[in-house]
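Q: Predicted structure and sequence below. I'll ask about it afterward.
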Amino acid sequence: MPFAYYARLSAARKRIYDKSDALERIELPDAAALRPLVAPLEAALKTESRAEAERLCAALAAGIVSQLETAPIRVQVLAVRPAGDWGELHGLYLPEDEGEAAIVKLWMRTAKNKRVVAFKSFLRTLLHELCHHLDYEFYKLEETFHTEGFYKRESSLFHQLVQSAAV
């Protein structure tokens, strides 16, 4: 079932939305090769090592886009989430621009209490932003929408990378 904003989309954008919604899984050719990065990322968050978290997120992202043979992406892990009356920004995807690689920005601390974000939430945010990149670069969609299919793709990546006993 489409989200409420679907009704306000043009016919062309509805076609893109529908195509996105129908895509429910991203199959990594070798998820096992990327799993060794997951536990160290969790440890980097626990020790509040922003630089190490950034290095590991970049390695995960590079591994995913390499396996899927898509355009490279940069990752930045920043300190405290931006916030406003709308809430807190968890992550941000900025598409490729004038020859510069696309970038994912993540924040490792909550805005309100300045606490390090929970590992699962942080990893899912990375994967969420990567899914925006994959919508453009892997699926060649003209836009990236938050569809049910989009969230299923994000979840499929998460479950390929994180062993169920570890979550």
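A: In hand now; what should we look at?

Q: Tell me where this protein has strands.
A: For the chain, the strands defined by DSSP state E occupy 73-80, 83-84, 87-88, 91-94, 102-109.

Q: any idea how far residue 101 is from residue 87?
A: Separation of residue 87 from residue 101 (C-beta to C-beta, to the nearest Å): 28 Å. Every residue, glycine included, has its C-beta placed from N, CA and C.

Q: Which one's more surrounded, these two?
A: Comparing residue 87 with residue 101 by other C-beta atoms under 10 Å, the one with more neighbours is residue 101, at 14 against 10.

Q: so that one makes contact with residue 76?
A: No: look at residue 101 against residue 76 with C-beta atoms under 8 Å: they stay out of range, at 11.7 Å.

Q: Correct me if wrong: residue 109 contacts residue 82.
A: No: using C-beta under 8 Å, residue 109 is not in contact with residue 82; the gap is 11.1 Å.

Q: okay, the two: which has more neighbours?
A: Neighbour tally, residue 109 and residue 82, criterion other C-beta under 10 Å: the higher count belongs to residue 109, 17 against 13.

Q: can you pull up the bridge partners for that one?
A: Counting by DSSP bridges, residue 109 forms beta bridges with residue 80, residue 116.

Q: Could you pull out the residues contacting both of residue 101 and residue 76?
A: Among the neighbours of residue 101, none is also in contact with residue 76 (C-beta atoms under 8 Å, 6 or more residues apart in numbering).
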